[in-house]
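J.: I'd like to go over a predicted model; first the sequence, then the structure.
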Amino acid sequence: MPDSGVYRVTELVGTSANSWEEAARNAIETAAKSLRDLRIAEVTKADCKIENGKVVAYRARVKLSFKYEG
């Protein structure tokens, strides 16, 4: 089975001033700099920071899985 193995799931929070999509992308692309063999990303929560009645930041909580080497 080519995709058999052990995977770890870790949770990250990405942020963006522009959108939830960009916040998720920021989390994944930052993780990809130090983790290899990323497999699945699941956005589990999206929220935003509000100041003076305006949205100033978007946050995306992402569960990211990657395969253990071995």
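T.: Ah, there it is.

J.: does the residue positioned nearest the centre of the chain belong to a helix or a strand, and which?
T.: Most central in the chain under CA atoms, centre = their mean is residue 62, positioned 3.6 Å from the mean C-alpha point. Applying DSSP states H and E as the criterion places residue 62 in strand 54-67.

J.: which stretches of this structure have low pLDDT?
T.: Along the chain, the model assigns pLDDT under 70 to residues 1-3, 70.

J.: ok so, going back, what does the strand holding residue 62 rub up against?
T.: Residues from elsewhere that reach strand 54-67, judged by CB atoms under 8 Å, 6 or more residues apart in numbering: 5-24, 27-28, 31, 35-50. In short, each C-beta sits where N, CA and C put it, glycine included.

J.: how about stretch 34-44?
T.: 7, 11, 20, 24, 27-28, 31-32, 60-67, 69.

J.: dump it to CSV, restricted to CA.
T.: Provided in CSV are the C-alpha atoms of stretch 34-44 (Å, rounded to 0.1, in the frame of the first residue of the first chain):
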residue,chain,number,x,y,z
SER,A,34,10.1,23.2,8.3
LEU,A,35,7.8,20.1,7.8
ARG,A,36,8.0,17.7,4.9
ASP,A,37,5.4,15.5,3.3
LEU,A,38,2.3,17.6,4.2
ARG,A,39,-0.8,15.7,3.3
ILE,A,40,-4.1,17.3,4.4
ALA,A,41,-5.1,20.6,5.8
GLU,A,42,-8.5,21.1,7.4
VAL,A,43,-9.8,24.5,8.5
THR,A,44,-11.6,23.8,11.7
